[in-house]
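>>> below is the sequence, then the predicted model.
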Amino acid sequence: MTEQPPENPTETTSSTVGSEATPHLGRLLLATLVLCIPVVLVFAVLVADGDISLRAAAIGAAVVVILMAVMLNQHFRRVRALTRYLIRLREAGDDSPLPPAPSGGDLLSPGLSDAIAETARQQRARRHDLRDTMAMNAAVLAGLPDPLILVGENRRVLRLNPAAGALLGQELAGRDLALGLRNPSLLAAVEAILEGGEQQAVEFTIPGKVERSIAARVLRLPMAASQEARLMIALYDLTGVKQSERMRADFVANVSHELRTPLSSLIGFIETLRGPAREDPEAQARFLKIMEEQSHRMSRLVDDLLSLSRIELQEHTPPEGNSDIAEILRSVASTLELEAARYGMRIEIAAEALPPVIGVSDELTQVFQNLLENAVKYGEEKTVIRVAARPLAKDGAGERRLGRAGVKVSVFNEGEGIEREHIPRLTERFYRVDSRRSRRLGGTGLGLAIVKHIINRHRGVLEIESRPDEGATFSVYLPSGGAPALALQRAEPKAS
Ligand code: ADP
């Protein structure tokens with residue numbers, strides 16, 4: 001679809017100008033003589049018949065030859081001017097003004113110069129339209145987020161848009177498509193279209209560090225669309241969609257599994273209470289206690305699921321208002337004091353003069369409730385859980401990490417700690433280092449996922465540090481009030 005340049009303009013120009021410089025005089029003489037032959041013959045006959053004298057005939061013939069030469073010279077000059085005009089038209093740049101038409105053109109044929117000038121104007125307008133359309137097409141192709149490839153005969157890649165270049169490498173242009181996309185079903189679809197098919201849709205995967213799932217549409221192009229391009233391949237990256245489909249399926253499977261266990265135990269106990277244990281008050285009391293625990297477990301799971309979905313919905317809206325972190329920590333610690341005491345544990349809070357934190361108190365309470373509950377659940381019995389809260393040092397590592405002024409709250413517990421490889425996954429839903437232990441201790445596997453999403457919403461950072469047998473520290477960085485606009489931070493756990 002590119003504009004064709006004039007075929008070797010230098011050569012054509014020089015040959016035309018050359019012919020103009022060549023014996024113009026010779027051609028003029030030759031044409032004059034040829035055109036005067038009949039007149040000379042007429043004079044010869046008149047002389048032979050004695051109608052006029054030889055002298056009169058010679059003078060007459062000479063006058064006719066001279067007149068003819070003058071007229072022909074004029075004519076040739078106009079044709080040359082017209083030829084020069086046409087050459088200038090052809091060589092004029094698309095943006096330079098069109099050369100003026102020579103005056104002699106209309107003497108050769110009425111309206112000739114105007115017709116030539118109008119044709120030249122129309123051609124130029126069409127070229128401009130074509131250039132604009134091509135620029136727009138190129139911009140649309142470049143702006144498309146999905147990869148697009150134009151393929152010609154023999155599967156040769158003619159053009160890739162930037163998205164396709166990023167996926168397959170720009171160097172694929174001009175080469176066989178199979179060098180970039182080896183998938184047999186895609187290549188078969190391309191062959192089918194090259195042999196006359198209309199369109200095909202295929203799905204395939206591109207192996208690599210991260211395997212990509214791709215949907216491709218192969219479409220035949222009308223021959224007029226481009227002299228070379230025979231078909232177009234539009235690719236759509238399904239990796240994200242497939243991944244979220246998988247995550248959704250995993251999530252549903254996990255939730256069903258978590259609910260099924262307490263449900264089947266409840267059903268089992270109900271049957272036992274109606275049957276064998278009907279007359280056994282001691283067994284009844286024991287079973288009812290277990291049923292109560294299982295019901296609480298289901299209720300906790302449902303509560304956590306609801307919290308998670310509510311927080312996820314709000315995650316993109318930054319919180320408003322200020323919260324007093326020291327107050328939140330004290331209130332959470334007092335609700336957990338009894339539980340900690342059951343394991344001979346104590347919670348100690350050290351809170352320096354803290355600025356107010358930008359956040360919703362209820363949500364921040366849930367963060368520290370979950371972290372402290374975990375410290376009690378997974379910490380060593382008869383030890384102290386230490387909570388330290390302090391403002392971030394100006395220009396210190398914490399402030400750089402958060403991207404602004406804030407506070408850091410660390411919850412430390414002694415205990416067996418967490419192996420390094422588990423740390424990055426702890427905030428995934430239902431991920432547990434030891435599922436049986438978590439369930440036995442009443443865990444739902446959602447506590448840290450909730451923590452992560454709340455901290456994300458608060459534009460904070462979660463850091464997890466642990467070494468086996470040395471316990472674990474969960475640190476939360478939160479922006480404090482009154483500082484410039486918040487930079488979005490992700491609360492992905494960092495191992496150390
Ligand atoms: P759970 O309900 O299982 O406690 P969480 O999401 O709160 O779920 O925690 C996920 C997992 O992280 C836990 O099952 C546990 O293996 C590990 N974990 C969390 N907190 C601690 C901690 N303070 N010490 C050791 N391991 C922890």
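Happy to help now that I have it. Owing to the predicted nature of the structure, the values given are computational and were not obtained by experimental measurement.

>>> residue in the stretch 1-150 of the chain nearest to the ligand?
The minimum distance from the stretch 1-150 of the chain to the ligand, using Cβ to the nearest ligand atom, falls at Pro145 (35.4 Å). In this view, the C-beta of every residue, glycine as well, is placed from N, C-alpha and C.

>>> what about the closest residue to that residue other than its chain neighbours, which helix or strand?
The shortest distance from Pro145 to any non-neighbouring residue, by Cβ to Cβ, 6 or more residues apart in numbering, is to Ala163 (5.9 Å). Using DSSP states H and E, Ala163 sits within helix 162-168.

>>> how far does that helix sit from its chain's centre?
10 Å (Cα atoms, centre = their mean, to the nearest Å).

>>> skip ahead from that helix and say which helix or strand is next.
Per DSSP H and E, helix 162-168 leads on to helix 184-194 as the next helix or strand towards the C-terminus.

>>> name the residues that touch that next one?
151, 153, 155, 177-178, 181, 199-202, 204, 216, 218-220, 230-231, 233 (Cβ atoms under 8 Å, 6 or more residues apart in numbering).

>>> please spell out which residues along that helix are buried.
The neighbour-count check on helix 184-194 (16 or more other Cβ atoms under 10 Å) flags 186-187, 189-190, 192-194 as buried.

>>> what's the answer for stretch 339-356, then?
340, 345, 347, 349, 351, 354-355.

>>> OK, contacts around the residue lying closest to Met68 once chain neighbours are set aside?
Excluding its sequence neighbours, the residue lying closest to Met68 (Cβ to Cβ, 6+ apart) is Thr32, at 5.0 Å. By Cβ under 8 Å, 6+ apart, the contact set of Thr32 is 65, 68-69, 72.

>>> secondary structure element holding the residue in the stretch 101-250 of the chain that the ligand sits nearest to?
Residue nearest to the ligand within the stretch 101-250 of the chain (Cβ to the nearest ligand atom): Asp250, separated by 15.6 Å. Assigned by DSSP H and E, Asp250 falls within helix 239-274.

>>> packing partners for that helix?
Contact here means 3 or more Cβ pairs under 8 Å, 6 or more residues apart in numbering; DSSP states H and E; on that basis helix 239-274 packs against strand 212-220, helix 281-314.

>>> mean confidence score for that helix?
The average pLDDT within helix 239-274 is 93.

>>> list the buried residues for it?
Buried, per 16+ other Cβ under 10 Å, within helix 239-274: 255, 258, 262, 265-266, 269, 273.

>>> go back to those and keep what's next to the ligand.
Counting by Cβ under 6 Å from any ligand atom, nothing from the buried residues of helix 239-274 sits close to the ligand.

>>> closest one to the ligand out of those, please.
Looking across those and measuring by Cβ to the nearest ligand atom, the closest to the ligand is Glu258, at 10.3 Å.

>>> that closest one and Tyr431: what is the separation?
Using Cβ to Cβ, to the nearest Å, Glu258 is found at 13 Å from Tyr431.

>>> quick check: neighbours shared by the two?
Here Glu258 and Tyr431 have Gly445 as joint contacts, going by Cβ under 8 Å, 6+ apart.

>>> in the helix or strand hosting Arg436, what's buried?
In the assignment (DSSP H and E), Arg436 maps to helix 435-440. By 16+ other Cβ under 10 Å, the buried positions in helix 435-440 come out as 438-439.

>>> what are the contacting residues of it?
By Cβ under 8 Å, 6+ apart, helix 435-440 touches 261, 297, 377, 432, 445.

>>> what helix or strand is the last one located in?
For Gly445, there is no host helix or strand (DSSP H and E).

>>> mind checking pLDDT for the closest residue to it other than its chain neighbours?
Of all residues not flanking Gly445 in the chain, Phe430 sits nearest, at 4.0 Å (Cβ to Cβ, 6+ apart). pLDDT for Phe430: 94.

>>> ok, Phe430 - how many residues close by?
Around Phe430 there are 18 other residues, counting by other Cβ atoms under 10 Å.

>>> pull the CA atoms of stretch 55-68 into PDB?
Extracted in PDB, the C-alpha atoms of stretch 55-68 (Å, rounded to 0.1, in the frame of the first residue of the first chain):
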ATOM      1  CA  ARG A  55      12.400  31.100 -61.500                       C
ATOM      2  CA  ALA A  56       8.900  31.800 -60.300                       C
ATOM      3  CA  ALA A  57       8.500  28.100 -59.200                       C
ATOM      4  CA  ALA A  58      11.800  28.300 -57.300                       C
ATOM      5  CA  ILE A  59      10.800  31.500 -55.500                       C
ATOM      6  CA  GLY A  60       7.300  30.000 -54.700                       C
ATOM      7  CA  ALA A  61       8.700  26.800 -53.400                       C
ATOM      8  CA  ALA A  62      11.200  28.600 -51.300                       C
ATOM      9  CA  VAL A  63       8.500  30.800 -49.700                       C
ATOM     10  CA  VAL A  64       6.400  27.700 -48.900                       C
ATOM     11  CA  VAL A  65       9.400  25.900 -47.300                       C
ATOM     12  CA  ILE A  66      10.200  28.900 -45.200                       C
ATOM     13  CA  LEU A  67       6.600  29.400 -44.000                       C
ATOM     14  CA  MET A  68       6.300  25.600 -43.200                       C
END
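
>>> let me know the average pLDDT across it.
Averaging pLDDT along stretch 55-68 gives 92.

>>> the longest helix in the chain is where?
In the chain, taking DSSP state H as the definition, the longest helix is helix 54-91.

>>> which stretches of the stretch 1-150 of the chain form helices?
Assigned by DSSP state H, counting those that start in this stretch, the stretch 1-150 of the chain shows helices spanning 9-21, 24-48, 54-91, 105-108, 112-143.

>>> least confident of these, on average?
Note on those: helix 9-21 shows the lowest mean pLDDT, a mean of 42.

>>> mind checking pLDDT for Ile214?
Model confidence at Ile214, given as pLDDT, is 94.

>>> quick check: it touching Leu235?
Yes. Between Ile214 and Leu235 there is a contact under Cβ atoms under 8 Å: 5.4 Å.

>>> more neighbours, the two?
For Ile214 versus Leu235, neighbours defined as other Cβ under 10 Å are more numerous around Leu235 (23 against 19).

>>> tell me the pLDDT at Val210?
Note on Val210: pLDDT of 82.

>>> which SS state does it fall under?
Here Val210 is recorded as coil under DSSP: H, G, I helix; E, B strand; the rest coil.

>>> out of the buried residues of helix 184-194, flag the one nearest to Arg55.
Using Cβ to Cβ, Leu194 is the member of the buried residues of helix 184-194 that lies nearest Arg55, at 84.3 Å.

>>> could you pick out the buried ones from the contacts of helix 184-194?
When the contacts of helix 184-194 are checked for burial by 16+ other Cβ under 10 Å, the buried set is 151, 155, 177, 181, 200, 202, 204, 216, 218, 220, 230-231, 233.

>>> contacts only, for Arg467.
Gly417 are the contacts of Arg467 under Cβ under 8 Å, 6+ apart.
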